[in-house]
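Q: sequence isn't available, so here's the structure alone:
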């Protein structure tokens, strides 16, 4: 019987203090085409390429898709129907949009809050923490105050200066 030939290991063999070590090369996995939520939105409305499969299913977010279609007048009804049927499977929702939406280019920017609105919301959240109310009650409380009262409330209770922090917090209680 002829002697067996040793198979050459894949990778690099390194000699260390403790013996030889086989270092395997990294194998790049083919993840397929890059699919994100906007690829789905464009596919459902413009291209009509069926992208939904087992690999891309984890990238499909029904909430974001509904939000994207709710800003267009011609797809608002479809988004409303899908919001009412929130318990549908992702694939069923995808198929509904794929087969019911007419092929059309839809480009609109999402409405975003201005910096002033963000600052107002932050203040109301801080007020809610101080008075220990939920956001809606704190907002209605905040609306009842005059601008002078708001300023005093913020300086006294919400954002006291750092030097008199303890004294002012004791007076507030």
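A: In hand now; what should we look at? Please read all numbers here as calculations on a predicted model, not as lab measurements.
Q: hmm, residue 142 and residue 150 touching each other?
A: Yes: with the criterion set as C-beta atoms under 8 Å, residue 150 and residue 142 qualify as a contacting pair; they are 7.0 Å apart. C-beta coordinates here come from the backbone N, C-alpha and C atoms, glycine included.
Q: can you list the helices and strands that the lengthiest helix in the chain packs against?
A: Of all the segments assigned as helix in the chain under DSSP state H, the longest by residue count is helix 115-131. Where contact means 3 or more C-beta pairs under 8 Å, 6 or more residues apart in numbering; DSSP states H and E, helix 115-131 is packed against helix 135-144.
Q: for the helix it packs on, name the packing helices and strands.
A: Helices and strands touching helix 135-144, as assessed by 3+ C-beta pairs under 8 Å, 6+ apart, comprise helix 115-131.
Q: need the residues that contact the helix it packs on.
A: Contacting residues not belonging to helix 115-131 are listed as 113, 134-135, 137-139, 141-142, 153-154, 157-159, 172 [C-beta atoms under 8 Å, 6 or more residues apart in numbering].
Q: which members of those are classed as buried?
A: 138-139, 142, 153-154, 157 (16 or more other C-beta atoms under 10 Å).
Q: what two of the residues you listed have the greatest distance between them?
A: Of all pairs drawn from these, the greatest distance, 16.4 Å, lies between 139 and 157 (C-beta to C-beta).
Q: tell me the centre residue of this structure?
A: residue 64 (8.5 Å; C-alpha atoms, centre = their mean).
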